[in-house]
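[1] task: produce atomic coordinates for the following.
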Amino acid sequence: MFKELKNEKKKSINQENGIRLLFIITCRNDYCTIQKYRYAGAITIEVAEITDEGLCQCLIPSFTLQPLAENAIFHGIEPKGGVGNIWLRISQKPDETVVITMEDDGVGMSEETIASVFDGSRKETEKYLKIGLRNVHRRIQYAFGTQYGLSISSKVGEYTRVGIRIPNRPRAVQQGEGEKS
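    The predicted structure is shown next:
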């Protein structure tokens, strides 16, 4: 387990120009190993679908998928008893937008909770739940423009699905590159 933690730390060093999606998927293996130790194999995280392997060359801001996986585990699966699944899907829309979807079969979220993720309203007891998702959303929009970012769909008691929309750019992501004047 210590080897996986060490590898995860090395891989999470801040990358100013973004990280190739393939690298993030590779890191997922170490993260899965850590979570298997923690939950005694009760949680599975798997890449369910990649429609085109070339999409894995796309650059995304660092620390984009990790907060989504952590929220799926700690706020989706843990509250229902700690047994569950997380699936990752990667596809491309006709407009060249890459869509990365992370879905869990946890407790789900209400429409009110989803709205509060983006508008910043929250109860004091929920403050840690939404900070990570909102920050990921803002960082993606800052890097690529307001047409990109997160979307969330959920059904209470069944699932939560978080989509990440980014452009298919296999080159460096520059801070503020997507901002429009």
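
[2] how long is stretch 66-80 end to end?
    Distance across stretch 66-80, first residue to last, is 21 Å (C-alpha to C-alpha, to the nearest Å).

[3] so what's the residue nearest in space to the middle of the chain closest to, chain neighbours aside?
    By C-alpha atoms, centre = their mean, the chain has its centre lying nearest to Leu65, at 3.0 Å. Nearest non-adjacent residue to Leu65, counting by C-beta to C-beta, 6 or more residues apart in numbering: Ile24, 5.4 Å away. Where C-beta positions appear, they are placed from N, C-alpha and C, glycine not excepted.

[4] got the confidence number for the one you found?
    As predicted, Ile24 sits at a pLDDT of 75.

[5] so it sits against Cys58, correct?
    No: look at Ile24 against Cys58 with C-beta atoms under 8 Å: they stay out of range, at 9.9 Å.

[6] shared neighbours, those two?
    Residues touching both Ile24 and Cys58 by C-beta atoms under 8 Å, 6 or more residues apart in numbering: none at all.

[7] count the residues that sit near Ser116.
    With neighbours defined by other C-beta atoms under 10 Å, the count for Ser116 comes to 18.

[8] can you confirm it is in a strand?
    No: the assignment for Ser116 by DSSP: H, G, I helix; E, B strand; the rest coil gives helix, which leaves it out of any strand.

[9] please report how far Val162 lies from Asn85.
    As for Val162, its distance to Asn85 is 15 Å (criterion: C-beta to C-beta, to the nearest Å).
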